[in-house]
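**Student:** turn this into a model:
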Amino acid sequence: MRILVKGAGVAGLTVAHELHVRGAEVTVVDPGLNFRRAASWLAGGMLAPWCERESADEAVLERGRDSADRWDAILPVKIIRNGTLVVAPNRDQSELKRFAGRTTGYRWVEEREIATLEPSLAGRFRHGLFFPQEAHLDPRDALQSLKGALAAKGVTFADHIGDRDPFPDVVDCTGAARIGESRELRGVRGEMLYLQTQEVALARPVRLLHPRFPVYIVPRGEGLFMVGATMIETDFEGPITARSLMELLNAAYALHPAFGDAAIVETGVGIRPAFPDNLPRVTREGKTILINGLYRHGFLLAPSIATEAADLLFSGHKNDRSRQCA
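**Tutor:** Numbering: from 1, shown residues only. Predicted coordinates:
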């Protein structure tokens with residue numbers, strides 16, 4: 001069974017993995033195989049379905065609650081299971097209570113336990129929420145490692161495919177590239193930055209709540225931190241705006257003043273494809289399976305969506321065989 005997967009972001013690579021496991025001969029095509037054009041390259045990599053429930057549909061929690069286990073099966077030892085810490089400045093304690101009222105899977109932590117979980121934050125926050133079942137990974141390491149593992153197992157990667165040898169089955173994971181082509185699909189701009197400092201150490205993603213601009217800070221190791229991310233209803237891909245940069249920096253500084261002296265290593269802008277309900281869809285158009293609309297939940301939901309897409313593709317072949325035998 002020969003299958004072409006279009007797109008080498010997190011959706012394309014996870015579906016390629018799932019199809020390969022099921023015995024398919026898989027080719028992945030993407031003009032940007034270094035990942036720099038993929039929204040996945042700028043992702044936070046948080047496997048945080050309980051936290052995401054604060055603003056997401058229940059389906060995100062249900063589809064994503066086993067995401068860490070699924071990623072462990074795909075990329076062993078790459079998953080960091082240290083949970084998520086959610087805090088808020090003392091003046092914004094109402095935001096913490098509101099967050100707690102919309103989520104589950106947490107326990108309240110006070111100043112002493114916050115200091116135990118994250119010594120760098122000792123004395124900075126009186127109350128917080130700790131989500132012990134959540135996890136995270138480094139998206140860039142995950143993408144490169146998964147591509148390397150798939151290539152070693154015989155999956156073919158190419159930056160283009162000719163028309164002389166058409167594939168009988170195609171899985172389209174081109175994401176934001178289909179905005180304007182796929183009905184109802186829209187772009188949501190996300191902006192992020194990387195900071196580097198040796199003055200702060202974090203063991204897990206920390207979410208800092210604010211009534212207007214909540215952010216997350218994710219440790220990447222060796223003093224590197226990803227700070228994100230804005231959610232702006234536009235598919236404009238221009239550079240990060242001054243307003244967003246200031247807000248991200250202010251939030252990092254509010255978490256710990258040492259971020260004020262951190263080096264800005266990188267800024268980035270990515271367009272997240274989303275449907276009106278902000279939930280991903282797996283659909284079929286003839287011999288093509290379409291995966292899109294992962295919104296801000298790419299790494300969280302990609303393994304589950306890959307399984308759904310593979311089930312749909314293989315069930316179609318089963319139905320075809322049944323009709324041929326009838």
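
**Student:** the nearest residue to Arg37 once chain neighbours are set aside: what's it in contact with?
**Tutor:** In this structure, Arg37 finds its nearest non-sequential neighbour in Pro31, 7.7 Å apart by Cβ to Cβ, 6 or more residues apart in numbering. Bear in mind the C-beta positions are built from the backbone N, C-alpha and C, glycine included. Counting by Cβ atoms under 8 Å, 6 or more residues apart in numbering, Pro31 touches Arg37, Asp159, His160.

**Student:** any idea how far Ala8 is from the second one?
**Tutor:** Separation of Asp159 from Ala8 (Cβ to Cβ, to the nearest Å) stands at 10 Å.

**Student:** try the first one
**Tutor:** Note on Arg37: its distance to Ala8, by Cβ to Cβ, is 9 Å.

**Student:** so for those two, which residue has more residues nearby?
**Tutor:** Ala8 (29 against 16; other Cβ atoms under 10 Å).

**Student:** what's the neighbour count on the residue lying closest to the more buried one once chain neighbours are set aside?
**Tutor:** Distance criterion Cβ to Cβ, 6+ apart; nearest residue to Ala8, sequence neighbours excluded, is Asp30 at 3.7 Å. Number of residues near Asp30 (other Cβ under 10 Å) recorded here: 23.

**Student:** next up, the contacts around Asp30.
**Tutor:** When contacts are counted by Cβ under 8 Å, 6+ apart, Asp30 touches Lys6, Gly7, Ala8, Gly9, Gly12, Ala38, Phe157, Asp159.

**Student:** could you redo the last one with a cut-off of 10 Å?
**Tutor:** With contact set as Cβ atoms under 10 Å, 6 or more residues apart in numbering, Asp30 has these partners: 5-9, 12-13, 37-38, 147, 157-160, 173-174.

**Student:** show the pLDDT at Arg37.
**Tutor:** pLDDT, Arg37: 71.

**Student:** what strand or helix carries it?
**Tutor:** Following DSSP states H and E, one finds Arg37 outside all helices and strands.

**Student:** quick check: phi and psi at it.
**Tutor:** phi -90, psi 0 (degrees, to the nearest 10).

**Student:** and what of Pro139?
**Tutor:** According to degrees, to the nearest 10, Pro139 has phi -60, psi -40.

**Student:** pretty sure Ala203 is touching Asn82, no?
**Tutor:** Yes: using Cβ atoms under 10 Å, Ala203 is in contact with Asn82, at 5.1 Å.

**Student:** between the two, which contacts overlap?
**Tutor:** Leu117, Glu118, Pro219.

**Student:** for this protein, just list every one of the helices.
**Tutor:** 10-21, 49-52, 58-64, 67-74, 93-101, 111-117, 139-152, 242-255, 298-325 (DSSP state H).

**Student:** wait, which of those helices is closest to Thr197?
**Tutor:** The closest of these to Thr197 is helix 242-255. By Cβ to Cβ, the value is 9.5 Å.

**Student:** quick one: buried residues of that closest one?
**Tutor:** For helix 242-255, burial by neighbour count (16 or more other Cβ atoms under 10 Å) applies to Ser244, Leu245, Glu247, Leu248, Leu249, Ala251, Ala252, Ala254, Leu255.
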